[in-house]
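Peer 1: just to be clear, the model below is a prediction. Sequence and coordinates:
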Amino acid sequence: MINEYIKQGAIVPVEITVNLIKKAMQEAGWEKKRYLIDGFPRNQDNYDGWCKVMGDDVRVTKCLFFKADEGELIKRIEERGKTSGRVDDNAESMKKRLITFNKESIPIVEMLEAKSPGLVSNIDAMQSVDKVFEDIQKVLKLTP
């Protein structure tokens, strides 16, 4: 079921996603740990579901926003699709995902920044992998 949502470029229902995240966090030792949750929340429903399920149990300290141009994203997905085996690693699915992203995810990033200035950190994803990783480390204060 999840793969069909992904293939269509759609967002997996929040009740499935948030409960999977919460379960994984609890199994890993819930308290006093830091977690990086990739690609979430992707829309208002995700955000509302996160707030409802997680409530005051977690504290979001940073949102990383990776910026890259559309052509580069499609090129990277097509290259990854040669070996990934993922149903959505193709140009057609990526174009659908970008439409969904611009319509549903960008407003969430903007809302997070408006609610908590400084929460969102922009990362230039057009740089080399090493430079992107270096920027992430700096933002998350993982380097001295």
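Peer 2: That came in fine, so what should we check first? All values derive from a computational prediction rather than experimental measurement. Numbers count the residues shown, from 1 in each chain.

Peer 1: from here on, just use CA atoms for contacts and neighbour counts.
Peer 2: Fine.

Peer 1: got the CA coordinates for stretch 117-132 in PDB?
Peer 2: What follows is the C-alpha trace of stretch 117-132 in PDB, where atoms were taken according to Å, rounded to 0.1, in the frame of the first residue of the first chain:
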ATOM      1  CA  PRO A 117      12.300  31.900  13.100                       C
ATOM      2  CA  GLY A 118      15.600  30.100  12.800                       C
ATOM      3  CA  LEU A 119      14.000  26.600  13.000                       C
ATOM      4  CA  VAL A 120      14.500  26.100   9.200                       C
ATOM      5  CA  SER A 121      18.100  25.900   7.900                       C
ATOM      6  CA  ASN A 122      18.500  26.100   4.100                       C
ATOM      7  CA  ILE A 123      21.100  23.700   2.700                       C
ATOM      8  CA  ASP A 124      22.500  24.200  -0.800                       C
ATOM      9  CA  ALA A 125      22.100  20.600  -2.200                       C
ATOM     10  CA  MET A 126      23.700  21.600  -5.500                       C
ATOM     11  CA  GLN A 127      27.100  21.400  -3.800                       C
ATOM     12  CA  SER A 128      29.300  18.200  -3.500                       C
ATOM     13  CA  VAL A 129      28.100  15.500  -1.200                       C
ATOM     14  CA  ASP A 130      31.000  16.300   1.200                       C
ATOM     15  CA  LYS A 131      30.100  20.000   1.300                       C
ATOM     16  CA  VAL A 132      26.400  19.300   1.900                       C
END
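
Peer 1: for it, buried residues please.
Peer 2: 119, 120, 121, 123, 124, 125, 132 (16 or more other CA atoms under 10 Å).

Peer 1: wouldn't the second one be in contact with residue 112 here?
Peer 2: Put plainly, it is residue 120. Yes: taking contacts as CA atoms under 8 Å, residue 120 lies within contact range of residue 112: 7.1 Å.

Peer 1: what secondary structure does residue 123 sit in?
Peer 2: strand (DSSP: H, G, I helix; E, B strand; the rest coil).
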